[in-house]
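Visitor: Okay, structure incoming, though there's no sequence with it:
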């Protein structure tokens, strides 16, 4: 390839995400919903190559007694070189933007977090079926308002199938990427590669992320799911999880948007058998 052709590919965004490359193999993050002991959490995270923790935070953290624990979690995470992000969200935030913005303001004010990680699932609302266009539009507006209102990056949890949804003539996955700083795909499957696997169900997001210049993290589930046993590693165990994630790492070497893998969640991961 000539230097001119290579320059064109770089300039056009082909094969690169804003000058980035796929996250190194074994790049891991995890959700932390429970008020677990900070030292224990960070010790586990360190031993499992976790470089970012999505720690659940309530908007009332300044008065509900959780602030000292979160401050200690931040101290421990800093010592271990682990990034700490504020986790929050509810499907009602889709239309209740005031509550979402109040949460973002409260957690940002602590100075403890390097970003916001929002888990808002509009498809859980009845209105998703009765008025999908308005519901999805409200969701997109929420993401934009969260980004515009503060200084922290906003990463959104998303299902792998948003690319199949059209809103007012536009693709929901593409429009989500336009507004979020990055996304974590809930690519919950119990195999890493092959048909109906973590990698396979996420390929659309990885391609759209490359086009949009946005990072795309993939997700793996560890908690039992009675209605979807093939969505979780609860039955397969920790060894199978590790093998599957290594396969995803290998498969994404040519996916510039790939931002590593997040495990849902700390409690479920610790409870996995061998």
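Guide: Here it is on my side, so go on. A quick note: this is a predicted structure, and the numbers were derived from the prediction, not measured.
Visitor: got the end-to-end distance for stretch 167-184?
Guide: 21 Å (CA to CA, to the nearest Å).
Visitor: How about residues contacting it?
Guide: By CB atoms under 8 Å, 6 or more residues apart in numbering, the list of residues contacting stretch 167-184 from outside reads 29, 115, 117, 132-133, 136-137, 140, 143-144, 147, 153-158, 162-163, 165-166, 204-205, 208-209, 212, 214-219, 259, 262. Quick note: C-beta positions are derived from backbone N, CA and C, even for glycine.
Visitor: and it, what's its mean pLDDT?
Guide: The pLDDT scores in stretch 167-184 average 97.
Visitor: now do stretch 61-70
Guide: 95.
Visitor: residues of it that come out buried?
Guide: Neighbour-count burial for stretch 61-70 flags 61, 66, 70 (criterion: 16 or more other CB atoms under 10 Å).
Visitor: Would you mind confirming that residue 39 makes contact with residue 77?
Guide: No - counting by CB atoms under 8 Å, residue 39 sits too far from residue 77 to count as a contact (10.6 Å).
Visitor: Out of the contacts of stretch 167-184, which end up buried?
Guide: By 16+ other CB under 10 Å, the contacts of stretch 167-184 give 29, 115, 117, 132, 136-137, 140, 143-144, 147, 153-158, 162-163, 165, 204-205, 208-209, 212, 214-219, 259, 262 as buried.
Visitor: can you pull out the helices in this structure?
Guide: Along the chain, the segments classed as helices by DSSP state H run 3-12, 38-47, 67-80, 97-109, 127-130, 132-149, 172-179, 198-212, 238-251, 266-271.
Visitor: JSON lines for these, including distance to residue 57?
Guide: Compiled in JSON lines, the helices of the chain are given as follows (distance: least, CB to CB, whole Å):
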{"stretch": "helix 3-12", "distance to residue 57": "39"}
{"stretch": "helix 38-47", "distance to residue 57": "13"}
{"stretch": "helix 67-80", "distance to residue 57": "7"}
{"stretch": "helix 97-109", "distance to residue 57": "5"}
{"stretch": "helix 127-130", "distance to residue 57": "26"}
{"stretch": "helix 132-149", "distance to residue 57": "14"}
{"stretch": "helix 172-179", "distance to residue 57": "21"}
{"stretch": "helix 198-212", "distance to residue 57": "26"}
{"stretch": "helix 238-251", "distance to residue 57": "27"}
{"stretch": "helix 266-271", "distance to residue 57": "15"}
